[in-house]
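S.K.: Okay, here's the prediction I keep looking at, along with the sequence it came from:
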Amino acid sequence: MTHFSSRYQGVMEGLLTRCRTLSALATRSHHCAPGKRQRLVLSRMFQPQNLREDQVFSLEGKAGDLTCKSQRLMLQVGLILPASPGCYHLMPYTVRAMEKLVRVIDQEMQAIGGQKINMPTLSPAELWRATSRWDLMGRELLRLRDRHGKEYCLAPTHEEAVTALVASQKKLSYKQLPLLLYQVTRKFRDEPRPRFGLLRGREFYMKDMYTFDSSPEAAQETYGLVCDAYSRLFDRLGLPWMKARADVGSIGGTKSHEFQLPVDIGEDRLVVCPSCHFSANTEILDLSQKICPDCQGPLTETKGIEVGHTFYLSTKYSSVFGAHFTNAHGDSSLAEMGCYGLGVTRILAAAIEVLSTEDYIRWPSLLAPYQVCLIPPKKGSKEAAATETVEHLYDDITETVAQLRGEVLLDDRTHLTIGNRLKDADKLGYPFVIIAGKRALEDPAHFEVRCQNTGEVVFLTKEGVLQLLSGVRVV
Ligand SMILES: [Zn+2]
C-alpha cells in the first residue's frame, strides 16, 4: 500500500508538474508578442577577454610571433586562440562575423549567376600530377597518404578538381554557359613562416570561384563581371581597396589582378599612378620603373594586403582534363576558364587591421558580430532603479526592429561598473553601445547612445533609440 501510494504520488506530482509547465508556457506565450525571443545576456555566453599585451605574447608561445595590430587585438579580446603555429580556433564572435561575411559574398556571387558547390579538401595526387603541379607547388602543398598508401594533399586551391568535375558532365551545353561554380571552404598551405595571425596562416577559409565560358570573348566578359562583384563587395564593407595588375604565379593563365587593402604591414609592394589609377604589384614591373605605362605620369609606391585574386586561365586546365561543352553547331569545344579567390578569414583580419585603432577593434558595420550592446546600471548603484527600463528597451528593440533580432546583447554583468563594461564594449567594437546612466531615471528615460563607428554620443528616449536603430543594415 505504501509502495502503491508513493508510486501514485509520484505519478500525480509528475502530472502536476507537467500541467504547471504547460500552463506556464501558455501564460508566457500569451504575454509574449509574436516573434519575441529570449534575451541574449553576456553573463551566460562565452566571455570576451581583456588581456594585457604580455599575456597575449605568452599565448602565442615560442613558435608564434606577435607581429601586427589585428593579431594582437583579436587575441586580447579572445576572438581567436592559437592552436598550433599558423592555426587558430575561431571563437563565437569571430564565427558570427565570418558567417556574415560569407552571406555578403554569397549575395554578390549569386547576383552574377554563381552557383555554390562544396568540393573535398582531400585531393588525390593524380589530379595534381596531371597538371604537373604535384611537383611545381613544392613544399607549400600539405601532403599525406591514406592507409592504402594512396597520396593526397589538403587542397590549397581547386582548379584541378573543378575542371575534372566539369569534364565529367558529358552533356554540358553552351546554353548552360557561362558556368560560375564557387565554394567557401577551408584551405591549407604549409607556410614556412606563418605570421600576422589570420593574415598568413596555414589553415584558412577561402572563397574560390571557377568559371567556364564558350569563347575567349565571353570569358573576358565574365572576368569583368567577377571583378565588378569584388569591387561591390569591398564597397559594401566600407573598405579602401585597390585593384592591381599582378603576376599569374603558380595558378597560371594570361591575365591576373589582385584586390589589395592598403596597409603598412602589407607584404605586397604596389605601384600606383595618382593621375590615371594604374596600379600594379611590383613583381610584374621592372623595379627601376618610375613612369606609368599608361599615361607616362610618375608612379608612387605603397604596401598592401592581398585579399582577392583573379585569373584568366584560357584552356590551361580544360585542355588537360577535357572539359568540353557542345557548342551551337553541335560540335564539341573546350571551355575557356577563369578562377577567382577571396581570402575570407584574411578579409576579416585585414578589415580589423585597416579600421581599428591601437586599442579598439572596429569592424565593417555589416560584419560586426553583434550590432548593439546594452549596458544596464551597476547593481546597488543609485541608477539601479533603471535596470528594468533597459530590459524593456531590449525587448522593444528586438520586437520592433525586426532586422536586429539576435543582434542585441545585454551586458548583465552588473557586478561591474558601467565604465568597466564600456571599456570591454569599446574594445570589441559593437557599432552601437547604449548605456543606462543617471538620465535613464528621468521621465521619460534618456539613454546614452554611442555610435562607435562615427564617435558620436547622443542622449535619446526610447522612441529616439528605436528610430535610430531602425536604419541599421544587417546582412
Ligand atoms: Zn597613369
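M.R.: Arrived safely, thanks for sending. Residues are numbered from 1 along each chain as shown.
S.K.: remind me which residues of the stretch 1-150 of the chain are low pLDDT?
M.R.: By pLDDT under 70, the low-scoring segments of the stretch 1-150 of the chain are 1-37, 61-66.
S.K.: show me where it has strands.
M.R.: 40-41, 80-84, 87-90, 115-116, 122-124, 142-145 (DSSP state E, counting those that start in this stretch).
S.K.: Checking the closest residue to residue 285 other than its chain neighbours next. Helix, strand or coil?
M.R.: Spatial nearest neighbour of residue 285, excluding adjacent residues (CB to CB, 6 or more residues apart in numbering): residue 271 at 6.3 Å. C-beta coordinates here come from the backbone N, C-alpha and C atoms, glycine included. Judged by DSSP: H, G, I helix; E, B strand; the rest coil, the three-state class of residue 271 is strand.
S.K.: confidence score at residue 271?
M.R.: We have a pLDDT of 88 for residue 271.
S.K.: which ones are touching it?
M.R.: 279-280, 282, 285, 289, 299-302 (CB atoms under 8 Å, 6 or more residues apart in numbering).
S.K.: and it, bridged to which residues?
M.R.: Beta-bridge pairing of residue 271 under DSSP bridges involves residue 280, residue 301.
S.K.: For it, give its distance to residue 154.
M.R.: Distance of residue 271 to residue 154, given as CB to CB, to the nearest Å: 35 Å.
S.K.: What segments of the stretch 351-475 of the chain are strands?
M.R.: Under DSSP E, counting those that start in this stretch, the stretch 351-475 of the chain gives strands at 372-375, 408-410, 432-435, 447-451, 456-460.
S.K.: now the ones you listed in TSV, with distance to residue 76 and mean pLDDT?
M.R.: TSV is the format used below for these (distance: least, CB to CB, whole Å; pLDDT from 0 to 100):
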stretch	distance to residue 76	mean pLDDT
strand 372-375	17	98
strand 408-410	19	97
strand 432-435	18	98
strand 447-451	20	97
strand 456-460	24	97
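S.K.: So which of these is the most surrounded?
M.R.: Comparing the strands of the stretch 351-475 of the chain by mean neighbour count (mean count of other CB atoms under 10 Å), strand 372-375 comes out on top with a mean of 27.
S.K.: List the contacts of the nearest residue to residue 90 once chain neighbours are set aside.
M.R.: Computed as CB to CB, 6+ apart, the closest residue to residue 90 that is not its neighbour in sequence is residue 80, at 6.1 Å. The contact partners of residue 80, by CB under 8 Å, 6+ apart, come to 74, 88-91, 94, 197-198.
S.K.: can I get the residues you listed in JSON lines with distance to residue 306 and neighbour count?
M.R.: Below are those laid out as JSON lines (distance: CB to CB, whole Å; neighbours: other CB atoms under 10 Å):
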{"residue": "74", "distance to residue 306": "19", "neighbour count": "27"}
{"residue": "88", "distance to residue 306": "19", "neighbour count": "25"}
{"residue": "89", "distance to residue 306": "24", "neighbour count": "12"}
{"residue": "90", "distance to residue 306": "21", "neighbour count": "19"}
{"residue": "91", "distance to residue 306": "25", "neighbour count": "18"}
{"residue": "94", "distance to residue 306": "21", "neighbour count": "22"}
{"residue": "197", "distance to residue 306": "16", "neighbour count": "30"}
{"residue": "198", "distance to residue 306": "14", "neighbour count": "27"}
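S.K.: nearest to the ion, of the residues you listed?
M.R.: The ion lies nearest to residue 198 out of the contacts of residue 80, by CB to the ion, at 33.9 Å.
S.K.: Surely the closest one and residue 351 touch.
M.R.: No - contact criterion CB atoms under 8 Å: residue 198 and residue 351 do not qualify, at 10.7 Å.
S.K.: hmm, back to that, any figure for the gap between the residue nearest to residue 285 and residue 246?
M.R.: Separation of residue 271 from residue 246 (CB to CB): 12 Å.
S.K.: do residue 50 as well
M.R.: Counting by CB to CB, the gap from residue 50 to residue 246 is 40 Å.
S.K.: swap in residue 457?
M.R.: 43 Å.
S.K.: what residue is smack in the middle of the chain?
M.R.: residue 98 (2.9 Å; CA atoms, centre = their mean).
S.K.: Name the nearest residue to that one, sequence neighbours excluded.
M.R.: residue 348 (6.0 Å).
S.K.: Put the alpha carbons of stretch 392-404 into PDB.
M.R.: Provided in PDB are the C-alpha atoms of stretch 392-404 (Å, rounded to 0.1, in the frame of the first residue of the first chain):
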ATOM      1  CA  HIS A 392      12.200  46.800 -21.600                       C
ATOM      2  CA  LEU A 393      14.200  48.800 -24.100                       C
ATOM      3  CA  TYR A 394      15.900  45.500 -25.100                       C
ATOM      4  CA  ASP A 395      12.500  43.800 -25.700                       C
ATOM      5  CA  ASP A 396      11.200  46.900 -27.600                       C
ATOM      6  CA  ILE A 397      14.200  46.900 -29.900                       C
ATOM      7  CA  THR A 398      14.000  43.200 -30.700                       C
ATOM      8  CA  GLU A 399      10.200  43.400 -31.200                       C
ATOM      9  CA  THR A 400      10.000  46.500 -33.300                       C
ATOM     10  CA  VAL A 401      13.300  46.500 -35.300                       C
ATOM     11  CA  ALA A 402      13.000  43.100 -37.000                       C
ATOM     12  CA  GLN A 403      16.500  43.000 -38.500                       C
ATOM     13  CA  LEU A 404      18.100  43.400 -35.100                       C
END
